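**Student:** Show me how the following folds:
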Amino acid sequence: MSKLLWQVFVVVIVLLGWFAGNHFNVFNRDVIPPMTDVAYQFIAAWARPEFLPAIWSTLSDALMGIFFAAVLAVPLGLLIGSLRAVEIATRTLLDFGRAFPVVALLPIFVLLIGANSAMKIVTIAIACFFPILLQTIYGVRRQEPVIVDTVRSFRIPHHLRFFRVLLPSALPYIATGIRIAATVSILVAVGTEVIMPVPGVGRQISVASINDEVALAFAYVIYAGFLGVILTTLWEIAEERMLPWARRTR
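**Tutor:** Next up, the predicted model:
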């Protein structure tokens, strides 16, 4: 309960600072609109015909990107993490891949795929691929030495070792990678929509900015933040239900 109160307290402080900044003309209203105007647009946006389709487009494409990233990253991470030589050989490539800005690939994706939802899903999948892959590798490599020695001593078959030892020990780390990817997916989705003419929350932010509707743009930015929070929270709930033993261990 105290944790929740502290979180609410921080939010209240930020809102009070925002209100005071506008009230005493500290902020430029053309850059940071009054909180009351943003609150009005936050509610009024529901009456706009493009609001719900934009929310759904961003959310559905983000989920699709996470799904494709997980389907590719989890098996590959289990393979790389299980084979020490492969992990060493691919380390430089993985470090380069996770540091590479995926947004820089957008012009190439537009030429190959076009400015559409498929291009956005591919971009999201690439951005989410590396957090899930690296967490999976880390989970496989983090097996307890006692367990590893026990498996070797009793000469447990490889398929039992995989399903009873390796996979259960890696699942909490895989879940963490997906949780990180959930946040990344919304960020990349909205960023892609702002840059490219594809439907979604980011597109509405761009249109509102062009039309000089700064308060509406801020409202859409807040909705984008809520999408990330909701997606992460839902995954945390699912993670606690699917991996209760991992929570008890922590």
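**Student:** what's the neighbour count on residue 84?
**Tutor:** 10 (other CB atoms under 10 Å). Quick note: C-beta positions are derived from backbone N, CA and C, even for glycine.
**Student:** so for the lengthiest helix in the chain, what's the average pLDDT?
**Tutor:** Determined from DSSP state H, the single longest helix within the chain is helix 51-82. Mean pLDDT, helix 51-82: 93.
**Student:** Show me what it is packed against.
**Tutor:** Contact partners of helix 51-82 among helices and strands, from 3 or more CB pairs under 8 Å, 6 or more residues apart in numbering; DSSP states H and E: helix 84-99, helix 117-141, helix 167-195, helix 201-210, helix 214-242.
**Student:** Of these, which is nearest residue 75?
**Tutor:** Nearest to residue 75, of all those, is helix 117-141, at 8.7 Å by CB to CB.
**Student:** buried set for that closest one?
**Tutor:** Under the neighbour-count criterion of 16 or more other CB atoms under 10 Å, helix 117-141 has 117, 119-140 buried.
**Student:** what residues are up against the spatially most central residue of the chain?
**Tutor:** For the chain, residue 183 is the residue whose C-alpha lies nearest the centre (CA atoms, centre = their mean; 2.2 Å). Contact partners of residue 183, counting by CB atoms under 8 Å, 6 or more residues apart in numbering, are 228, 231-232.
**Student:** Dump those into TSV; add pLDDT and neighbour count as well.
**Tutor:** Below are the contacts of residue 183 laid out as TSV (pLDDT from 0 to 100; neighbours: other CB atoms under 10 Å):
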residue	pLDDT	neighbour count
228	90	18
231	91	20
232	91	17
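**Student:** What about residue 47, how many residues nearby?
**Tutor:** 7.
**Student:** which stretches of this structure have low pLDDT?
**Tutor:** Within the chain, the ranges that satisfy pLDDT under 70 run 1, 143-165, 245-250.
**Student:** Break it down into its domains, please.
**Tutor:** 1-32, 44-249 (automatic domain parsing).
**Student:** To residue 38, which of those lies closest?
**Tutor:** domain 44-249 (4.6 Å).
**Student:** Any idea how far the helix or strand hosting residue 3 is from the middle of the chain?
**Tutor:** Element membership of residue 3, judged by DSSP states H and E, is helix 2-23. How far helix 2-23 lies from its chain's middle: 25 Å, per CA atoms, centre = their mean, to the nearest Å.
**Student:** can I have it written out in PDB, keeping just the CAs?
**Tutor:** Output in PDB follows, covering the C-alpha atoms of helix 2-23 (Å, rounded to 0.1, in the frame of the first residue of the first chain):
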ATOM      1  CA  SER A   2       2.800   2.400   0.800                       C
ATOM      2  CA  LYS A   3       4.300   1.800  -2.600                       C
ATOM      3  CA  LEU A   4       1.000   2.800  -4.300                       C
ATOM      4  CA  LEU A   5       0.700   5.900  -2.100                       C
ATOM      5  CA  TRP A   6       4.200   7.000  -3.100                       C
ATOM      6  CA  GLN A   7       3.400   6.500  -6.800                       C
ATOM      7  CA  VAL A   8       0.200   8.500  -6.400                       C
ATOM      8  CA  PHE A   9       2.200  11.200  -4.500                       C
ATOM      9  CA  VAL A  10       4.700  11.500  -7.400                       C
ATOM     10  CA  VAL A  11       1.900  11.800 -10.000                       C
ATOM     11  CA  VAL A  12       0.200  14.500  -7.900                       C
ATOM     12  CA  ILE A  13       3.500  16.500  -7.600                       C
ATOM     13  CA  VAL A  14       4.000  16.400 -11.300                       C
ATOM     14  CA  LEU A  15       0.400  17.600 -12.000                       C
ATOM     15  CA  LEU A  16       0.800  20.400  -9.500                       C
ATOM     16  CA  GLY A  17       4.100  21.400 -11.100                       C
ATOM     17  CA  TRP A  18       2.400  21.400 -14.500                       C
ATOM     18  CA  PHE A  19      -0.600  23.500 -13.200                       C
ATOM     19  CA  ALA A  20       1.700  26.000 -11.400                       C
ATOM     20  CA  GLY A  21       3.900  26.400 -14.400                       C
ATOM     21  CA  ASN A  22       1.000  27.300 -16.600                       C
ATOM     22  CA  HIS A  23      -0.700  29.500 -13.900                       C
END
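**Student:** Understood, closing this out.
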